[in-house]
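S.K.: This is a predicted model, with the sequence first.
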Amino acid sequence: MTQFHPRQRQDEATPVLELRDIRISYSSVDAPPVLAVEHLSLCVREGEFLALIGPSGCGKSSTLNAMAGLTPVDAGEILLHGQPVHRISDRVGYISQADHLLPWRTVLDNVALGLELRGMSKKLRHARARELIASMGLGGFETNYPHELSGGMKKRVTIARVLAIEPEILFMDEPFAPLDVFTRERLQEDIMGVWAATGQTIVYVTHDLTEAISLADRVLLFGGRPGQVRGEYPVPLARPRQVMDAKFDDQFVSLEKTILTDLRAALRETGGPGDGN
Ligand SMILES: Nc1ncnc2c1ncn2[C@@H]1O[C@H](COP(=O)(O)OP(=O)(O)OP(=O)(O)O)[C@@H](O)[C@H]1O
Ligand SMILES: [Mg+2]
């Protein structure tokens, strides 16, 4: 796989995705409407790894879902390559914390699902799925069923399933939150490898500031209710990075302190549940 250096590309990068002054609200019959985000604008640059962090309830998932075309906006606009996003596009992939594999399908057929839905022949989709399964370190488990896998292995299959459709942008919402720290660090390394090899754009929501800085080119801090962008922090660490060692770098520690101070201010402002971030 060819290594490339996304940082060089970013300097001249144009936005692949743009959110202009968006508002997202939820209404239900038996409760007052909830305004999740308002007057929120941001840009995602081509090929970048962008992390979104912030207190619970400040609209990170709502914003990510809107970017992916899963949640409509009430006001403002979302542009993918300059074109309005109204529904989920086959150029994007989405992985959430709660993603499930289909229990009645083998690993191979789970990974091949998206290609099957696109009408690819069995031979071709299985060949592509086998490659991805091997690249995710799961060679030999093609005929296993999800219940026979560990949590980390299931997550790898989920990632392979999304990568199979070769999304241009990958949206990830706390994808590794339920996993133990060692499994999580290995999966973070895997995702970095995929990102470096494919040139994909990744937008990654996390509660974990260390994870955000270790992985991203740029961190956006969300805060408030309704949520808005409260801070933007380019990450000065060199690429390629070792996720497990990055946190010992002096620049890392200094950036972490800066963001932590602003995150605490956002927590005081946002309040409510989940203040223990
Ligand atoms: N489907 C929904 N129906 C009603 N309200 C919702 C819905 N989804 C989110 N909300 C509300 O919108 C606000 C923003 O929620 P959102 O899930 O976007 O926050 P978040 O920043 O992702 O939080 P967390 O870090 O806890 O995942 C919250 O007040 C939440 O209660
Ligand atoms: Mg969320």
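M.R.: Okay, I see it. Ligands and ions are numbered 1, 2, ... in the order given.
S.K.: Can you show me the helices along the stretch 51-200 of the chain?
M.R.: 60-67, 107-111, 113-117, 122-135, 151-163, 181-198 (DSSP state H, counting those that start in this stretch).
S.K.: Now render the ones you listed as TSV, adding mean neighbour count and distance to residue 47.
M.R.: Just so you know, the C-beta spots here come from the backbone N, C-alpha and C atoms, and that holds for glycine as well. As requested, those are exported to TSV (neighbours: other CB atoms under 10 Å; distance: least, CB to CB, whole Å):
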stretch	mean neighbour count	distance to residue 47
helix 60-67	23	16
helix 107-111	25	25
helix 113-117	17	22
helix 122-135	17	20
helix 151-163	21	16
helix 181-198	17	9
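S.K.: Can you check which of these gets nearest to residue 144?
M.R.: Nearest of these to residue 144, taken as CB to CB: helix 107-111 at 5.3 Å.
S.K.: Tell me which residues are up against the closest one.
M.R.: Outside of helix 107-111, the residues within contact range by CB atoms under 8 Å, 6 or more residues apart in numbering are 101-102, 116, 126, 129-130, 132-133, 138, 141-146, 149, 157, 160-161, 164.
S.K.: got the residues of the chain near ligand 1?
M.R.: With CB under 6 Å from any ligand atom as the criterion, the chain meets ligand 1 at residues 26, 34, 36, 54, 56-62, 274.
S.K.: List only buried entries from those residues.
M.R.: For these, a burial check counting by 16 or more other CB atoms under 10 Å picks out 36, 54, 56-62.
S.K.: Which one of those is nearest to residue 120?
M.R.: For these, the nearest to residue 120 is residue 61 (30.9 Å; CB to CB).
S.K.: which residue packs closest to the closest one, ignoring adjacent ones?
M.R.: residue 173 (5.5 Å; CB to CB, 6 or more residues apart in numbering).
S.K.: From residue 71, how far off is the one you found?
M.R.: 12 Å (CB to CB, to the nearest Å).
S.K.: Same check on residue 145?
M.R.: 32 Å.
S.K.: Tell me how far the residue nearest to residue 61 lies from residue 65.
M.R.: Distance from residue 173 to residue 65, by CB to CB: 8 Å.
S.K.: Also residue 176?
M.R.: In terms of CB to CB, residue 176 sits 19 Å off from residue 65.
S.K.: now swap in residue 98 and tell me
M.R.: 13 Å.
S.K.: and if you look at residue 210?
M.R.: Residue 210 is 25 Å from residue 65, by CB to CB.
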